[in-house]
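Trainee: Sequence and predicted structure, then a few things I'm wondering about:
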Amino acid sequence: MGFTIAIDGPAAAGKGTLSKAVAQHYGFGHLDTGLLYRAVGARMLDGMDPIAAAKALLAEDLAREGLRSPDVAQAASKVAIIPEVRAALVDFQRAYARRAGGAVLDGRDIGTVICPDAEAKLFVTAIPEVRARRRYDEMCAAGVQTDYETVLKDTIERDHRDSTRVDAPLIAAGDAVIIDTSQLDIDAAVAAAISAVDAAQARITP
């Protein structure tokens, strides 16, 4: 029997790191659904129609180099507002969510649209200034030339685009546990997530 953990939240809130740690803790599979949109965004930057790219997406596309670059991140946010792109990627995500042995999916609409019946739902967030600083530090470490003000501006713009899109906006599910990582290190955030999932498991265990 499957057990699905849906983890949503904005960029650089820490949900990716947290999701991997939670999946490892429970021995579940992990899917970073943002990679699906990044892969489509990369194809769009190559000149391909984004809807065609989404329909033709292959598993190996998720391993493509450069999917974490700023340009691809912005492209991913743009293709994610296209309803036909989102529809093309829904079945892949839902099938993974019900895999035997349990699954952790992280993204922006997992608990609200992709897996509204997920056994556990978390919404990981942090204030924009903290998320922009984390992203800026990551980019500097990777050798990307930028400045904090530009990253903060991009973060705020992306938040607005993701939260105001008509199709599957970025919002916390009504029954999601909110984890604000603004003042938490990763160990504390993972502990909070595990506590929430343990509580969810306890609720459904006879």
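Mentor: Here it is on my side, so go on.
Trainee: Only C-alpha atoms from now on, for both contacts and neighbour counts.
Mentor: Fine.
Trainee: can you map out the strands along this structure?
Mentor: Here the chain has its strands, by DSSP state E, at 4-8, 29-32, 103-107, 120-125, 177-180.
Trainee: Nearest to Arg134, out of those strands?
Mentor: strand 120-125 (12.7 Å; CA to CA).
Trainee: ok, the closest one: who's next to it in the sheet?
Mentor: strand 4-8 (parallel), strand 177-180 (parallel) (DSSP bridges).
Trainee: okay, it in PDB with CA atoms only?
Mentor: Extracted in PDB, the C-alpha atoms of strand 120-125 (Å, rounded to 0.1, in the frame of the first residue of the first chain):
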ATOM      1  CA  ALA A 120       0.700  13.800   4.700                       C
ATOM      2  CA  LYS A 121       1.000  17.300   3.500                       C
ATOM      3  CA  LEU A 122       3.700  19.900   4.300                       C
ATOM      4  CA  PHE A 123       4.200  23.500   3.100                       C
ATOM      5  CA  VAL A 124       7.700  24.700   3.500                       C
ATOM      6  CA  THR A 125       8.300  28.400   3.400                       C
END
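Trainee: List the contacts of it.
Mentor: 4-10, 13-15, 111, 172-173, 175-182, 193, 196-197, 200-201 (CA atoms under 8 Å, 6 or more residues apart in numbering).
Trainee: any idea how far Pro50 is from the closest residue to Leu57 other than its chain neighbours?
Mentor: Distances taken as CA to CA, 6 or more residues apart in numbering put Val40 closest to Leu57, at 7.4 Å, once the chain neighbours are dropped. To Pro50, Val40 is 6 Å away according to CA to CA, to the nearest Å.
Trainee: what do you get for Arg133?
Mentor: Taken as CA to CA, the spacing of Arg133 relative to Pro50 amounts to 30 Å.
Trainee: For those two, work out which one has more neighbours and name it.
Mentor: Of the pair Arg133 and Pro50, Pro50 is the one with more neighbours under other CA atoms under 10 Å, namely 25 against 17.
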